[in-house]
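> Here is the input, now give the coordinates:
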Amino acid sequence: MSRPLPSTSPHRRALAALVQWFDADHAPGGAEKIRAEPDGVEWVRCIPFLILHAGCLIVLWAGWSPVAVGTAVALYFARMFAVTGIYHRYFSHKTYRTSRAGQFLLGLWGATAVQRGALWWAYHHRNHHQHADGPDDVHSPHVHGFWWSHLGWITSRRNFPTDYSKIRDLEKFPELVWLNRFDTVVPILFATALWGAGWLLERHAPGLHTTRWQLLGWGFFVSTTCLFHGTSCINSLAHLLGRRRFPTADASRNSWILALITLGEGWHNNHHRYMHATRQGFYWWEFDPTYYGLKLLSFTGLIWDLRPVPASVLAEAAAAGRVAAPARPGGAGIESAPPSCA
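Okay, the predicted model is just below:
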């Protein structure tokens, strides 16, 4: 256990932030003390995030190839599925079951998305549902503004530690805690593997005109940056744009455009009405590729017991003519919208 360091010392805070690049659970003074701090950007801790975006510039001198760009697109969707189908629908909500080994494999897959560990992700998402669009929702656009909800909240020191007391069902697995604590290991190995694959293509398949730097730039940096912003649209835009089927206590909305970007997560109002269903597109016409992928995965035996939408919830939706949206937090307006989706 490290000795508590005074939070008033900028040098020691910077040192702690550097250590957290490699050990996410490093919390001098205690995680509770850090979570009690006011919001503020911790620039040293954010350097890896800035590097991720700056790394996209590699493609300006490395160029492109069909293989490199195709890899970026394929990895965007493969890892978006990992975020939506694994980090969200499994670790956050347990909408289906798997074995302990399967759980670890899913955690490894999710870690390639470079959105920190599954336990940190699940803790924050469960907190979001508990306090949606209220003062304790750390990424509500109605409370904190669009840009803070989209990306600012992850730069705040108070949001770095994982509150393991909120995820007891996951904390009991040491392999998951290890992946969560050392959350840069898988991304570094993943980026290295892409660079190595590009080197092999350079050497053994020169006709593809694909270099190691192209595959790293497009397959890792560009794809991962787009993945981050696609996922973040649910925190920000899914509480601002679209229509409401259910009069939930928050400002969640359904949007087919966001569903396309995020493989089905755009049916956010549906999800906030009943978070325990494996599918978020409650009807066949609500495009939900994550659910289709999970259904296919269930045929392999890796996952099972996909949880359906209760008939009572569907009946509630069918009975709704027009539903009233609650006033925005801090505001006075009441708006109404058809139960169909934007």
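
> can you tell me how far residue 158 sits from residue 31?
Here residue 158 is placed at a distance of 10 Å from residue 31 (Cβ to Cβ, to the nearest Å). Any C-beta I mention is one placed from the backbone N, CA and C, and that applies to glycine too.

> who touches stretch 193-207?
Applying Cβ atoms under 8 Å, 6 or more residues apart in numbering, the external contacts of stretch 193-207 come out as 67-68, 71, 208, 210-216, 219-220.

> Quick one: buried ones out of the residues you listed?
The neighbour count (16 or more other Cβ atoms under 10 Å) marks 67-68, 71, 210-216, 219-220 as buried among the contacts of stretch 193-207.

> so which of those comes closest to residue 13?
Each of those was checked against residue 13 using Cβ to Cβ; the closest is residue 220, at 29.5 Å.

> quick revisit: please flag which of the contacts of stretch 193-207 sit within helices.
67-68, 71, 212-214 (DSSP state H).

> Adding pLDDT, write these out as TSV.
As requested, the ones in helices among the contacts of stretch 193-207 are arranged in TSV below (pLDDT from 0 to 100):
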residue	pLDDT
67	98
68	98
71	98
212	97
213	98
214	98
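
> of the residues you listed, closest to residue 254?
Checking the ones in helices among the contacts of stretch 193-207 against residue 254 by Cβ to Cβ gives residue 71 as the nearest, at 31.8 Å.

> That closest one is in contact with residue 215, isn't it?
Yes - with contact defined as Cβ atoms under 8 Å, residue 71 and residue 215 form a contacting pair (6.2 Å).

> where's the closest residue to residue 117 other than its chain neighbours, which helix or strand?
With sequence-adjacent residues excluded and distances taken as Cβ to Cβ, 6 or more residues apart in numbering, residue 117 is closest to residue 180, at 3.0 Å. Applying DSSP states H and E as the criterion places residue 180 in helix 174-181.

> Give the buried residues for that helix.
Taking 16+ other Cβ under 10 Å as the basis for neighbour counts, the residues of helix 174-181 that come out buried are 176-177, 179-181.

> where along this protein do the strands fall?
Secondary structure of the chain (DSSP state E): strands located at 97-98, 303-304, 323-325, 335-337.

> what does the average pLDDT come to for the first one?
If you average the pLDDT over strand 97-98, you get 98.

> so where's the stretch 151-300 of the chain uncertain?
Low-confidence segments of the stretch 151-300 of the chain (pLDDT under 70): none present.

> can you map out the helices along it?
168-171, 174-181, 185-204, 212-214, 223-236, 256-261, 268-273, 289-298 (DSSP state H, counting those that start in this stretch).

> same for the shortest one, what does it pack against?
Read it as helix 212-214. The criterion is 3 or more Cβ pairs under 8 Å, 6 or more residues apart in numbering; DSSP states H and E, and the helices and strands that helix 212-214 contacts are helix 58-62, helix 185-204.

> Of those helices, flag the one that's most buried.
The highest mean neighbour count among the helices and strands packed on helix 212-214 belongs to helix 185-204 (a mean of 16), with neighbours defined as mean count of other Cβ atoms under 10 Å.

> Show me how far that helix is from its chain's centre.
Between the mean C-alpha point of helix 185-204 and the mean C-alpha point of its chain there is a distance of 24 Å (Cα atoms, centre = their mean, to the nearest Å).

> just the angle between that helix and helix 174-181, please?
Following axes from the mean of the first three to the mean of the last three Cα atoms, to 10 degrees, one obtains 80 degrees for the angle between helix 185-204 and helix 174-181.

> From here on, call the first residue 95.
Sounds good: first residue 95 from here, last item helix 279-298.

> With just CA atoms, put helix 279-298 into CSV.
The C-alpha coordinates for helix 279-298 follow below in CSV (Å, rounded to 0.1, in the frame of the first residue of the first chain):
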residue,chain,number,x,y,z
VAL,A,279,-1.8,-4.2,-21.0
VAL,A,280,-4.3,-5.5,-23.6
PRO,A,281,-4.4,-2.3,-25.7
ILE,A,282,-0.6,-2.2,-25.9
LEU,A,283,-0.5,-5.8,-26.9
PHE,A,284,-3.3,-5.2,-29.4
ALA,A,285,-1.5,-2.2,-31.0
THR,A,286,1.8,-4.2,-31.1
ALA,A,287,0.0,-7.1,-32.8
LEU,A,288,-1.4,-4.8,-35.5
TRP,A,289,2.0,-3.3,-36.1
GLY,A,290,3.5,-6.8,-36.3
ALA,A,291,0.8,-7.9,-38.7
GLY,A,292,1.6,-4.9,-40.9
TRP,A,293,5.3,-5.9,-40.9
LEU,A,294,4.4,-9.4,-42.0
LEU,A,295,2.3,-8.0,-44.9
GLU,A,296,5.1,-5.7,-45.9
ARG,A,297,7.5,-8.6,-46.0
HIS,A,298,5.4,-11.4,-47.4
